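# predicted model and sequence below, questions to follow.
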Amino acid sequence: MSEPDRPLPEALLRAAAQEGRGRLKIFLGAAPGVGKTWAMLTQGHQRRARGVDVVVGVVETHGRRETEALVEGHEVIARRTVDHAGHSLGEMDIDAILERRPALVLVDELAHTNAPGSRHPKRYQDVEELLDEGIDVFSTLNIQHVESLNDVVASFTRVRVRETVPDSILEQAEIEVVDIPPDELIERLRAGKVYIPHEATRALGHFFSKSNLTALRELALRRAAQAVDAQMLEHVRAHALAGSFAVGERIVVAVSEHPQAAGLVRAGKRMADALKAPWSVVHIATQRDTALRDEDRHHLSETLALASRLGATTASIPASGVAEGLVAFAREARATQVILGKTQRSWWFEWRHGSVVDRLVRSIGEVAIHVLPSAAPAARPRTGASGAGRSAVP
């Protein structure tokens, strides 16, 4: 475990890996028609006005006159023709762009699937090749195409999106949310500014309902906030800056081999959902773990697997003591909330050996601590230590 005042080697290595690599900016929207391509082309013109060498790699105007007008004035790299099933399809010409070597290339629809016979199956893979060559890229993406949100989007839109982009692409990108209220987007749809009339009518009755658009809008804003938070945390770790630097909440749940630990994980999930916060589940491995029975190890494995299924980042960290290890992990994670349990032990035992909770409260600093008994209800966000009884942390 690294000291909190020393740069993390992993963060420094990731920062070094970005040297010489192009920068990616994604214009993220809740749905088609919010103005992502317009925003990308507009900022491309602004960059050109400042002397940046900008070209259009591929832009899909979908017949929108406003978008077509914005393409004018940009140098456009001709598309490469790919023949498939008797049809000629135009795809972005990576080789032509690499030969041209602009400073910035505009690439629409990041989640696009390339025609068979292309160098890469997906357009985001084309973009990665350009980035590897040191070329900056602007691109556009709708929130329903983010891989980790695929099931969530399908659960309320009843539409399963087949073209997805790995979350790792967003994690390396600067994200700008292009946002308009759902009512305004619906009006744009009715005015024929998104789809042609008969397609617009069908869309209004399905994907473009106000409830769907509102939920998609929330997902886009939340995902952008998470990306900013993760990038800020990476910078903090690489430069060994003190403090949590938390605009939002970050939750850590401590578990052990006790079967009741699953309850702590579920409480952590409910708190993370309520606060819209990233969360981690950690097991602090001490010397006593060497004596665990197979049954105990199985319980621990099941608890960590449950946490992973519920969307938590999981870790098992060796330390000389539970409190010491948990304090170090919480500091590294820049946690703002910690959830743990309290074992029911005699006052004599705690007098001789001390209490994990007491040691944690004294040493963890300005972090809210939630201490839950077994079969506890969901943790409610609050500051300070509370609760008592049996739990999943020894």
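Arrived safely, thanks for sending.

# so which bits of whichever strand or helix holds Q125 are buried?
In this structure, Q125 sits in helix 123-132 according to DSSP states H and E. For helix 123-132, burial by neighbour count (16 or more other CB atoms under 10 Å) applies to 123-124, 126-128, 130-131. In short, each C-beta sits where N, CA and C put it, glycine included.

# for V178, see how far away T157 is.
For T157, the distance to V178 equals 19 Å [CB to CB, to the nearest Å].

# can you check I369 too?
Relative to V178, and taking CB to CB, I369 is found at 40 Å.

# per-residue pLDDT, the residue nearest to E174 when sequence neighbours are not counted?
Once flanking residues are discounted, E174 sits nearest to K25: 4.5 Å by CB to CB, 6 or more residues apart in numbering. Note on K25: pLDDT of 96.

# what about K25, distance to V137?
7 Å.

# of those two, which one has the most company?
More crowded of K25 and V137, by other CB atoms under 10 Å: V137, with 23 against 17.

# residues touching that one, list them.
22-25, 57, 104-107, 127, 130-131 (CB atoms under 8 Å, 6 or more residues apart in numbering).

# mind doing that once more with 6 Å?
The contact partners of V137, by CB atoms under 6 Å, 6 or more residues apart in numbering, come to 24, 105, 107, 127, 130.

# list the contacts for F156?
Counted by CB under 6 Å, 6+ apart, F156 has contacts A215.

# ok, now with 8 Å
211-212, 215.

# contacts for the helix holding Q125 next, please.
21-24, 57-58, 92, 94, 97-98, 105, 107, 109-114, 119-120, 137, 139, 165-166, 169.

# strands of the stretch 51-200 of the chain, residue ranges please.
Under the criterion DSSP state E, counting those that start in this stretch, the stretch 51-200 of the chain contains strands at 54-58, 75-76, 80-84, 87-91, 104-107, 136-142, 174-178.

# what's the second one packed up against?
Think strand 75-76. With contacts taken as 3 or more CB pairs under 8 Å, 6 or more residues apart in numbering; DSSP states H and E, strand 75-76 sits against strand 54-58.

# also the last one?
Using 3+ CB pairs under 8 Å, 6+ apart as the contact criterion, the elements in contact with strand 174-178 are strand 24-29, helix 36-49, helix 210-238.

# ok so, going back, could the contacts of V137 go into CSV alongside distance to T314?
Formatted as CSV, those follow (distance: CB to CB, whole Å):
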residue, distance to T314
L24, 28
V105, 38
V107, 35
V127, 30
L130, 34
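
# which one of these sits closest to I251?
Among the contacts of V137, L24 lies closest to I251 (CB to CB), at 28.7 Å.

# wait, what's in contact with that closest one?
127, 131, 136-137, 139, 169, 172-174.

# mind redoing it with 6 Å?
L24 makes contact with 131, 137, 173 under the criterion CB under 6 Å, 6+ apart.

# with adjacent residues omitted, what lies nearest to it?
A173 (4.2 Å).

# T214 too?
Nearest one to T214, counting by CB to CB, 6+ apart, is P182 at 5.3 Å.

# measure that neighbour to A220 for me?
Distance from P182 to A220, by CB to CB: 12 Å.

# and the two? Which one has more around it.
Using other CB under 10 Å as the criterion, P182 and A220 rank with A220 on top: 25 against 20.

# got a pLDDT number for the nearest residue to G33 once chain neighbours are set aside?
Nearest non-adjacent residue to G33, counting by CB to CB, 6+ apart: V194, 3.5 Å away. With respect to pLDDT, V194 has a value of 76.

# now do the contacts for V194.
32-33, 188.

# out of those residues, which sit inside helices?
Within those, residues falling in helices by DSSP state H are R188.

# of the contacts of V194, just say which sits nearest to R80.
Using CB to CB, the contacts of V194 come closest to R80 at P32, 25.0 Å.
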